[in-house]
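> no sequence on hand, only this structure:
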């Protein structure tokens, strides 16, 4: 806080009609601020006082710019005694100009709210007829005035539970959270903007403990005040966890929730690193090609995140009947964490199908097959010479649809733009990218091995973008924010940090699904405040989006 400074006004009040009050230059290193003012006269009524006061709007705005600059966009306290050069010079010059026109201008106090990157300034205007006490809140990141200072309501009823019947037999490392949604301003009949979910192995009861807890994600599916919210936290160790939520409005105001705790559900055991004669076998490459008369050694590893004992079955089929070729029972963590299991087909003379099943000895008796969905899905050993997969690069403009949608320009279309804008910022509003590749160049009946989308990055702020599968058709030359709505999967397929030039993201499972079923492409977005620009198909040919697909005919 700064000390209060008092000024005496002239007994004959003078007029000020500030038609121009502009900060021309702010040079932090030199601490110099230049101003200009014009048109002074004699005030004759309170109405003229009101009009003169309205002309101080530009003073308030320029003060915000000075605050932003002197705080280095919120990184330091602009009112700290060691950082007041610009502020003090600004205030002194402003007071001199205003007082010369018969007004008294006094900044009664200041407050820096570090946790919200804000500053609150109480400004007092007086002209001998009327006193104006103006409290202004500024966003130090932008220098803009914040008009919404009311936070969402406090969440009093956050509950956490271990899901499943029996308890703990649902999902892998799941905890179910539920609470009652609050309003944008306390508990009014509106929706807040987003939730920030954090967890810890210790209780979370203070804002400091919340900040020290592990960030899980931002959650944007915010319901109306009074509506039940349910959310599943996933992939946590099977131990007791504590949870808390911070709820935000779009102005950046926030409030907290109470602390809630629950043990995460149990994990299914896993089979991984499957290979045949040192060649990887997986759901993307389910076939092993070998020559007749070859010995085929299938190797694999097993783990269980809960540390349970497991039973392992190696299942094979030559024609129509599945048989248990080998069984490992009551394998302890000390054994399966330090061994590679194997089964050998000696002098192979025919095709074989196989899959692996592993079951733990927990209360839930959780089981996992590899491949998932076995025996309907399985791995195959074929007696043919190995043929490498083919690769295709889809980058022709005839086979790409791309654009972006803008929340701020909600009915505008950008299908002809040479860039795809991705943005998540409070002001301006969000922008989401849309992109789809026509897969008709891949021949019918092909087996897709891998797929990678490669986008040329023109500009980025070094934060992960998220790819979400789109659920409905869209027209790149007609779609806009309003018409698109929320037609995409809330759970992202993949994510990664863009870097300048081409950046790749693996999208194999999505492309396999698009090839077999409906293909509506991806929505690309941020989950934190950030911005990235990709080149669209309308850009130079050396910057176009590319989809690389590797497949067997």
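Happy to help now that I have it. If you're wondering where the values come from, they're calculated on a predicted model, not measured in any experiment.

> how about residue 474, phi and psi?
Here is the backbone geometry of residue 474 (degrees, to the nearest 10): phi -150, psi 150.

> so it sits against residue 485, correct?
No: using C-beta atoms under 8 Å, residue 474 is not in contact with residue 485, being 10.2 Å away. All C-beta spots, glycine's among them, are computed from the backbone N, C-alpha and C.

> neighbour count winner among those two?
Neighbour totals were compared for residue 474 and residue 485, and residue 474 leads with 19 against 9 (other C-beta atoms under 10 Å).

> tell me who's in contact with the more buried one.
By C-beta atoms under 8 Å, 6 or more residues apart in numbering, residue 474 lies in contact with 401, 434, 484, 487, 520.

> most neighbours among these, please name it.
residue 434 leads these on contacts (other C-beta under 10 Å) with 23 neighbours.

> neighbours of the nearest residue to it once chain neighbours are set aside, how many?
Nearest residue to residue 434 in three dimensions, chain neighbours excluded: residue 403, at 5.4 Å (C-beta to C-beta, 6 or more residues apart in numbering). Using other C-beta under 10 Å, residue 403 is surrounded by 27 other residues.

> would you confirm that residue 403 contacts residue 536?
Yes: between residue 403 and residue 536 there is a contact under C-beta under 8 Å: 7.3 Å.

> what is the burial count for residue 295?
By other C-beta under 10 Å, the residues close to residue 295 number 11.

> from residue 464, how far out is the spatially most central residue of the chain?
When C-alpha atoms, centre = their mean is applied to the chain, the residue found nearest the centroid is residue 527 (1.5 Å). From residue 527 across to residue 464, the span is 8 Å (C-beta to C-beta, to the nearest Å).

> and residue 298, by the same measure?
From residue 298 to residue 464 the distance is 37 Å (C-beta to C-beta).

> what residues are up against residue 147?
Neighbour list for residue 147: residue 251 [criterion: C-beta under 8 Å, 6+ apart].

> please apply the same query to the one 3 residues further on.
For residue 150, the contact set (C-beta under 8 Å, 6+ apart) comprises 185-186, 249, 253.

> buried ones among those residues?
Among those, the ones that count as buried by 16 or more other C-beta atoms under 10 Å are 185, 249, 253.

> which residue comes closest to residue 336 once chain neighbours are left out?
Nearest to residue 336 is residue 302, by C-beta to C-beta, 6+ apart, at 4.5 Å.

> bridging residues for the one you found?
As for beta bridges, residue 302 partners with residue 271 under DSSP bridges.

> burial check on it, number of neighbours?
Residues lying near residue 302 (other C-beta under 10 Å) number 24.

> quick one: contacts for it?
Neighbours of residue 302 in contact, by C-beta under 8 Å, 6+ apart: 269-272, 310, 312, 331, 336, 341, 358.

> one more time with 7 Å
Contacts of residue 302 were listed using C-beta atoms under 7 Å, 6 or more residues apart in numbering, and they are 269-271, 310, 312, 336, 341, 358.

> ok, now residue 168?
Counting by C-beta under 7 Å, 6+ apart, residue 168 makes contact with 162, 265-266, 364.

> repeat the analysis, applying 10 Å as the threshold.
If a contact means C-beta atoms under 10 Å, 6 or more residues apart in numbering, then residue 168 has 162, 174, 238, 262-267, 306, 362-364, 366 as its contacts.

> distance check, it against residue 161.
Where residue 161 is concerned, residue 168 sits at a distance of 10 Å (C-beta to C-beta).

> show me what the helix or strand harbouring residue 515 is in contact with.
Here residue 515 sits within helix 508-516, counting by DSSP states H and E. For helix 508-516, the external contacting residues (C-beta under 10 Å, 6+ apart) are 283-284, 436-440, 442, 444, 446-453, 467-469, 489, 493-494, 507, 519-522, 547-551.

> quick one: name whatever helix or strand follows that helix.
In the C-terminal direction, the helix or strand that comes right after helix 508-516 (DSSP H and E) is strand 522-525.

> after that following strand comes which helix or strand?
Counting by DSSP H and E, the next helix or strand C-terminal to strand 522-525 is strand 530-535.

> which elements pack onto that next one?
Judged by 3 or more C-beta pairs under 10 Å, 6 or more residues apart in numbering; DSSP states H and E, strand 530-535 is in contact with strand 400-406, strand 419-424, strand 431-437, strand 447-460, strand 465-469, strand 501-506.

> what comes up buried for stretch 231-248?
Within stretch 231-248, the residues scored as buried using 16+ other C-beta under 10 Å are 231, 233, 236, 238, 241-248.

> circling back: overlap in contacts, residue 168 and residue 161.
Contact criterion C-beta under 10 Å, 6+ apart; residues shared by residue 168 and residue 161: 174, 262-263, 265.

> got these as JSON lines, with distance to residue 149, secondary structure and neighbour count columns?
Output for the shared contacts of residue 168 and residue 161, formatted as JSON lines (distance: C-beta to C-beta, whole Å; DSSP: H, G, I helix; E, B strand; the rest coil; neighbours: other C-beta atoms under 10 Å):
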{"residue": "174", "distance to residue 149": "38", "secondary structure": "coil", "neighbour count": "22"}
{"residue": "262", "distance to residue 149": "35", "secondary structure": "strand", "neighbour count": "22"}
{"residue": "263", "distance to residue 149": "39", "secondary structure": "strand", "neighbour count": "17"}
{"residue": "265", "distance to residue 149": "41", "secondary structure": "coil", "neighbour count": "26"}
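
> ok, those residues vs residue 420, which is closest?
residue 174 (34.7 Å; C-beta to C-beta).

> if I look at the closest one, how far off is residue 484?
Remark: distance between residue 174 and residue 484 (C-beta to C-beta) = 31 Å.

> okay, and the beta partners of the closest residue to residue 489 other than its chain neighbours?
Take residue 489 and drop its neighbours on the chain: the residue closest to it by C-beta to C-beta, 6+ apart is residue 469, 4.7 Å away. Bridge pairing for residue 469 (DSSP bridges) gives the partners residue 522.

> give the contact list for residue 469.
Residues near residue 469 by C-beta under 10 Å, 6+ apart: 488-489, 491-493, 507, 509-510, 513-514, 518-523.

> at 6 Å instead, please
Each residue near residue 469 by C-beta atoms under 6 Å, 6 or more residues apart in numbering is listed here: 489, 493, 510.

> same check, this time on residue 161
Neighbouring residues of residue 161 by C-beta under 6 Å, 6+ apart: 176, 262.

> equivalent analysis for residue 74, please.
Each residue near residue 74 by C-beta under 6 Å, 6+ apart is listed here: 117, 140-141.

> ok, now residue 471?
By C-beta under 6 Å, 6+ apart, the contact set of residue 471 is residue 487.

> circling back to that earlier point, neighbours of the closest residue in space to the residue nearest to the centre of the chain that isn't next to it in sequence, just the number please.
Leaving aside its chain neighbours, residue 527 sits nearest to residue 218 (5.0 Å; criterion: C-beta to C-beta, 6+ apart). Neighbour count of residue 218, defined by other C-beta under 10 Å: 17.

> which strand residues bridge residue 218?
Partner residues in beta bridges with residue 218, using DSSP bridges, are residue 196.

> could you number the chain from 577 rather than 1 from now on?
Got it, first residue is 577 now, which makes that one residue 794.

> now it: how far from residue 822?
For residue 794, the distance to residue 822 equals 10 Å [C-beta to C-beta].

> quickly list what's touching both of the two.
Here residue 794 and residue 822 have residue 772 as joint contacts, going by C-beta under 6 Å, 6+ apart.

> for the closest residue to residue 968 other than its chain neighbours, give me the pLDDT.
The shortest distance from residue 968 to any non-neighbouring residue, by C-beta to C-beta, 6+ apart, is to residue 1125 (5.3 Å). pLDDT for residue 1125: 96.

> ok, back up a step: so which of residue 874 and residue 1040 has more stuff around it?
Legend: neighbour count by other C-beta under 10 Å for residue 874 and residue 1040, higher for residue 874 (23 against 15).

> relative to residue 655, which of the buried ones among the contacts of residue 726 is nearest.
Of these, the one sitting nearest to residue 655 (C-beta to C-beta) turns out to be residue 829, at 21.0 Å.
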